[in-house]
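Novice: Here is my input; please provide its structure:
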Amino acid sequence: MSEIAREIASQPACWDRAATLARGLADTLPAPGTRVAAVGCGTSLFVARAFAALREGSGQGETDAFPASEFPTERAYGALVAITRSGMTTEVLRVLSGAGAPTVVITADAGSPATSLAGQVVTLGFADERSVVQTRFATTAVALLRAHLGHELSGPITDARAALEAPLPAEPTAYDHFVFLGHGWSVGIAEEAALKLREAAQLHTEAYPAMEYRHGPISLAGERSFVWVLGSPDPAIAQDVEATGARVRVASLDPLAELVLAQRLAVRIAETRGTDPDHPRHLARSVVLSSGELVEDGGRDRIYNGVTRGEP
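Specialist: Prediction:
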């Protein structure tokens, strides 16, 4: 069994631990009413986007999400939440170094550079991963933030267990184009689901807010397309997509549990294609440029011609 498969299977237990951990974070994570910015890169950016929508949707205050490389330093925020599995991402470290507001880092590594720059640290070491491709760290971070915002996680955890046992929704060889559609906080989950199939299975994938799909992207849909609706304010989107000849799945589980199902599908497709889902091509846990810059992407670190690259 691959490392990623083991990590996917451990997610319900990780979410349960996150729910317990969240009970003690009232004084660590931003208080209700605080204007918050959340930053991350790659998967962590999608976690930040989900968090921003969840926090505003819970009535706890204005919350914006940015790629760390695009953080608007001229804007004033009451708190900054930075999400980084490795705690080594250059762009995140830069934002933390210049932050003009109280900072919180959510990471898997309590000894990482990001923790030394943060005012507060939330460590999810129990959700760290050996696989290059992120699964349980990201979903556990979302679970933690949902619990902090007052969401009950027993339902999502039950759904995640069901997602681990359910038949896969798509035949691995039947489709070569996957689209994920979301609404509200599940837009970030849709983006992350698309990234998992892109990384682990090397597939052509897309993600959009559901209502945006009709505005151009639907033109690519056809018989080799699988469109996965995680959330939509308009049920008719499914009928419109089916009319293109594409296969449609409308989510029946919590969006985070649907992501677990998408992760499983990504691994299965990778195995069918004979690719390694733990170590996708061109990806590493962290890349340290010769200038000392870091870019998070996956694996262990080693020095190679002045560049630190991932190694299992």
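Novice: quick one, what contacts Asp109?
Specialist: Arg85, Ser86, Gly87, Met88, Thr115, Thr123, Gly125, Asp128 (C-beta atoms under 8 Å, 6 or more residues apart in numbering). Yep, even glycine has a C-beta here, placed from its N, CA and C like the rest.
Novice: so where does it fall, helix or strand?
Specialist: Under the criterion DSSP states H and E, no helix or strand holds Asp109.
Novice: Model confidence for it, exactly?
Specialist: Among the per-residue scores, Asp109 holds a pLDDT of 96.
Novice: Go through the contacts of Asp109 and name the one nearest Leu259.
Specialist: Using C-beta to C-beta, Arg85 comes nearest to Leu259 of the contacts of Asp109, at 15.9 Å.
Novice: re the thing from before, just give me the closest of the contacts of Asp109 to Ala147.
Specialist: Thr123 (15.8 Å).
Novice: Quick check: the gap between that closest one and Glu3.
Specialist: 21 Å (C-beta to C-beta, to the nearest Å).
Novice: for Asp254, same thing?
Specialist: In terms of C-beta to C-beta, Asp254 sits 25 Å off from Glu3.
Novice: ok now the longest helix anywhere in the chain, how far from the chain's centre?
Specialist: In the chain, assigned by DSSP state H, the helix with the most residues is helix 255-273. Distance of helix 255-273 from its chain centroid, counting by C-alpha atoms, centre = their mean, to the nearest Å, is 14 Å.
Novice: Tabulate the CA atom coordinates of it in CSV.
Specialist: The C-alpha coordinates for helix 255-273 follow below in CSV (Å, rounded to 0.1, in the frame of the first residue of the first chain):
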residue,chain,number,x,y,z
PRO,A,255,-17.7,18.3,1.0
LEU,A,256,-14.7,17.3,3.1
ALA,A,257,-15.7,13.7,2.8
GLU,A,258,-16.3,14.0,-0.9
LEU,A,259,-12.6,15.2,-1.0
VAL,A,260,-11.6,11.9,0.6
LEU,A,261,-13.4,10.1,-2.1
ALA,A,262,-11.7,12.2,-4.8
GLN,A,263,-8.3,11.4,-3.1
ARG,A,264,-9.0,7.7,-3.3
LEU,A,265,-9.9,8.1,-7.0
ALA,A,266,-6.7,10.0,-7.7
VAL,A,267,-4.7,7.1,-6.2
ARG,A,268,-6.6,4.5,-8.0
ILE,A,269,-6.1,6.2,-11.4
ALA,A,270,-2.4,6.7,-10.7
GLU,A,271,-2.1,3.0,-9.9
THR,A,272,-4.0,2.1,-13.1
ARG,A,273,-1.7,4.3,-15.1
